[in-house]
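Engineer: please work out how this folds:
(one chain, ligands or ions: 1)
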Amino acid sequence: MISEPLAVEAARYIPGGVSSAYRRVEPNLVFTRAAGACLHDADGNCYIDYHAAFGPALLGHCHPEVNRRVADTIGEIDLAGAGPGELEVALARKLVEHVPSAERVLFCNSGSEATMHAIRLARAATGRRKVVMFQGCYHGWHDAVLVDADGRPRSAGAHPSVAADTIALRYNDLDAVRDAVERAGGEIAAVIVEPVAHNMGVVLPREGFLRGLRETTAAHGIVLIFDEVVTGFRHGLGGYQAIAGVTPDLTTLGKAIANGFPLAALCGRADLMDRCGPDGDVFVAGTFNAHPGSVAAALATIGILEQPGSYEMLFSLGEQMRSGLAGIVERLGIEATAAGFGSIFVLYFLSGTIENYDDLRRNDVDLDWRFRRGMIERGHYLLPVPLKRGHVSLAHTESDIDATLEAAERALQESGAMRADGAGE
Ligand SMILES: Cc1ncc(COP(=O)(O)O)c(C=O)c1O
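Structural biologist: Now for the predicted structure:
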């Protein structure tokens, strides 16, 4: 089997050849095996993977303990579709134990579903329609949050009146939030935010930004939603909210929670969440919600993350990558910034302040592409799309990262970013 004919055939049956718009990348490789830190393609090549399927693979691909627990569980029960599941209760208890905002938990299958339920619930609780989000953040594919930086719908067919109720503000701009609340506070149901903006790489919240959101929303009866679909479990068992010491009303979780199996969750304040139960007025349902296989994967994943040293290891590998990249670009004199948090890193091809999407417009997109393609050619898989974050997992080793840094130095040397005298342009 080889990648190219398979990719061509894929396009014959699947629109554009992929089942998720973000999966269409160049080179268009077909991956056939994943294990630990490695991805193998249909052409027999092996890559150290930092894409991590957009984030879920926190323990590494096909983690034996996770897969064993899934196999054991689905050997016992697939899906009953009535009443609660034994493991589902155990997992909900774990989330309540770990995530500061979680008094109640509802499981669904994707981050998009979780944010959709969160926004509907916020609208029900407040009797208001508008939603504030931030440019450069991503919260899934539904109409309320699928708007571009200018607030326009990003998909044909999106209901224009839904997008018209979404206000897209600059990340880290608390004044803009206060202005919006001043002007339309009585109409705003929710503020939804990625507590670290990982959909534009790694843009950290400015000191006081999250706390300011908490205070402003609380003062105006607006529901604060932390979308922790990326940050949850990747940065800590309590999510970034536990690190920041700011507790939102609602939290959405997904991706790393089940290390690659489809599971997401909405959790939050009991008085809000209880409106979602069968006795409440907010409708939540789903045939596959809390599928025992995914729930077992999440319990196994959390069990491993609870072991002492897990996060220290993830953070130390992430730091090795970031400081290594920073050293390389400094040595080569390339205008670039190695940013990141915990196990996530990104190399931005720009310098100066990075606080919002506008700052990232200075990124040298061509150089970003060339660097990523150079890395893939050398067997290190960074998603070949500018600004996309890279992830390390517990399956990566220090020597994997050393090898990646060595490749990065060569890829950058060959990228044309340096001047002939060795200093960057
Ligand atoms: C922060 C955030 N929220 C929500 C989503 C949507 O999750 P899903 O792709 O599982 O629907 C994503 C996906 O990338 C995300 O990064």
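Engineer: please count neighbours and contacts with C-alpha atoms only from this point.
Structural biologist: Fine.
Engineer: which SSE is immediately downstream of the longest helix seen in the chain?
Structural biologist: Counting by DSSP state H, the longest helix found in the chain is helix 310-332. Following helix 310-332 in sequence order, the next helix or strand is strand 337-341 (DSSP states H and E).
Engineer: packing partners of that following strand?
Structural biologist: Judged by 3 or more C-alpha pairs under 8 Å, 6 or more residues apart in numbering; DSSP states H and E, the packing partners of strand 337-341 are helix 310-332, strand 344-348.
Engineer: stretch 43-59 - what's its average pLDDT?
Structural biologist: What stretch 43-59 shows for mean pLDDT is 97.
Engineer: let me redo that: stretch 123-137
Structural biologist: Stretch 123-137 comes out at a mean pLDDT of 97.
Engineer: render the CA-only coordinates of that stretch in PDB, please.
Structural biologist: Extracted C-alpha coordinates of stretch 123-137, given in PDB (Å, rounded to 0.1, in the frame of the first residue of the first chain):
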ATOM      1  CA  ARG A 123     -28.900  31.000  26.900                       C
ATOM      2  CA  ALA A 124     -31.500  29.100  28.800                       C
ATOM      3  CA  ALA A 125     -30.100  30.200  32.200                       C
ATOM      4  CA  THR A 126     -29.900  33.900  31.300                       C
ATOM      5  CA  GLY A 127     -32.700  34.300  28.800                       C
ATOM      6  CA  ARG A 128     -30.200  36.100  26.600                       C
ATOM      7  CA  ARG A 129     -28.900  35.400  23.100                       C
ATOM      8  CA  LYS A 130     -25.500  36.900  22.500                       C
ATOM      9  CA  VAL A 131     -22.200  35.100  22.900                       C
ATOM     10  CA  VAL A 132     -18.700  36.600  23.300                       C
ATOM     11  CA  MET A 133     -15.800  34.700  22.000                       C
ATOM     12  CA  PHE A 134     -12.200  35.600  21.000                       C
ATOM     13  CA  GLN A 135     -10.500  35.900  17.600                       C
ATOM     14  CA  GLY A 136      -8.200  33.000  16.900                       C
ATOM     15  CA  CYS A 137     -10.000  30.700  19.400                       C
END
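Engineer: how close does the residue most central in space within the chain get to the ligand?
Structural biologist: Using C-alpha atoms, centre = their mean, the residue of the chain that lies closest to the mean C-alpha position is V230, 2.8 Å off. Per C-alpha to the nearest ligand atom, to the nearest Å, V230 is found 5 Å from the ligand.
Engineer: kindly report the same for N289.
Structural biologist: 13 Å.
Engineer: where does that residue sit: helix, strand or coil?
Structural biologist: coil (DSSP: H, G, I helix; E, B strand; the rest coil).
Engineer: got the contact list for the nearest residue to A338 once chain neighbours are set aside?
Structural biologist: Residue nearest to A338 in three dimensions, not counting chain neighbours: L347, with 4.6 Å by C-alpha to C-alpha, 6 or more residues apart in numbering. Listed by C-alpha atoms under 8 Å, 6 or more residues apart in numbering, the contact set of L347 reads 325, 336-339, 387.
Engineer: re earlier: and the longest helix of the chain, what does it pack against?
Structural biologist: Secondary elements touching helix 310-332 (3+ C-alpha pairs under 8 Å, 6+ apart): strand 337-341, strand 344-348, helix 398-413.
Engineer: CA atoms only: put the next helix-or-strand element following the second one into PDB for me.
Structural biologist: Taking DSSP H and E as the definition, the helix or strand that follows strand 344-348 towards the C-terminus is helix 357-360. What follows is the C-alpha trace of helix 357-360 in PDB, where atoms were taken according to Å, rounded to 0.1, in the frame of the first residue of the first chain:
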ATOM      1  CA  TYR A 357      -4.500  37.000  16.700                       C
ATOM      2  CA  ASP A 358      -3.500  40.300  15.200                       C
ATOM      3  CA  ASP A 359       0.000  39.900  16.600                       C
ATOM      4  CA  LEU A 360       0.200  36.500  14.700                       C
END
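Engineer: pLDDT on helix 357-360, on average?
Structural biologist: 96.
Engineer: okay, the angle between the helix or strand just after that helix and strand 344-348?
Structural biologist: Later in the chain than helix 357-360, the nearest helix or strand by DSSP H and E is helix 365-377. Put simply, helix 365-377 runs at 130 degrees to strand 344-348, going by axes from the mean of the first three to the mean of the last three C-alpha atoms, to 10 degrees.
Engineer: check what pLDDT R152 gets.
Structural biologist: 88.
Engineer: not counting its neighbours along the chain, what's nearest it?
Structural biologist: Using C-alpha to C-alpha, 6+ apart, the nearest residue to R152 is A163, at 6.7 Å.
Engineer: looks to me like that neighbour is in a helix.
Structural biologist: Yes - counting by three-state DSSP, A163 falls inside a helix.
Engineer: and for it, the neighbour number?
Structural biologist: Other residues near A163 come to 23 when the count uses other C-alpha atoms under 10 Å.
Engineer: tell me the buried residues in the longest helix of the chain?
Structural biologist: Neighbour-count burial for helix 310-332, counted by 16 or more other C-alpha atoms under 10 Å, picks out 310-311, 313-315, 317-322, 324-326, 328-329, 332.
Engineer: chain center to it, what's the gap?
Structural biologist: On the basis of C-alpha atoms, centre = their mean, to the nearest Å, helix 310-332 sits 20 Å off its chain's mean C-alpha point.
Engineer: what about dumping the CA coordinates of that helix to PDB?
Structural biologist: The C-alpha trace of helix 310-332 is given here as PDB (Å, rounded to 0.1, in the frame of the first residue of the first chain):
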ATOM      1  CA  SER A 310       3.400  12.400  35.100                       C
ATOM      2  CA  TYR A 311       2.900  16.100  34.700                       C
ATOM      3  CA  GLU A 312       6.500  16.900  35.800                       C
ATOM      4  CA  MET A 313       7.700  14.600  33.000                       C
ATOM      5  CA  LEU A 314       5.300  16.200  30.400                       C
ATOM      6  CA  PHE A 315       6.300  19.700  31.400                       C
ATOM      7  CA  SER A 316      10.000  18.900  31.400                       C
ATOM      8  CA  LEU A 317       9.900  17.400  27.900                       C
ATOM      9  CA  GLY A 318       7.900  20.400  26.700                       C
ATOM     10  CA  GLU A 319      10.500  22.700  28.300                       C
ATOM     11  CA  GLN A 320      13.400  20.700  26.600                       C
ATOM     12  CA  MET A 321      11.700  21.300  23.300                       C
ATOM     13  CA  ARG A 322      11.000  25.000  23.800                       C
ATOM     14  CA  SER A 323      14.400  25.900  25.200                       C
ATOM     15  CA  GLY A 324      16.100  23.800  22.500                       C
ATOM     16  CA  LEU A 325      14.100  25.600  19.700                       C
ATOM     17  CA  ALA A 326      14.800  29.000  21.300                       C
ATOM     18  CA  GLY A 327      18.600  28.200  21.400                       C
ATOM     19  CA  ILE A 328      18.500  27.100  17.700                       C
ATOM     20  CA  VAL A 329      16.800  30.200  16.400                       C
ATOM     21  CA  GLU A 330      19.100  32.400  18.500                       C
ATOM     22  CA  ARG A 331      22.200  30.600  17.200                       C
ATOM     23  CA  LEU A 332      21.000  30.800  13.600                       C
END
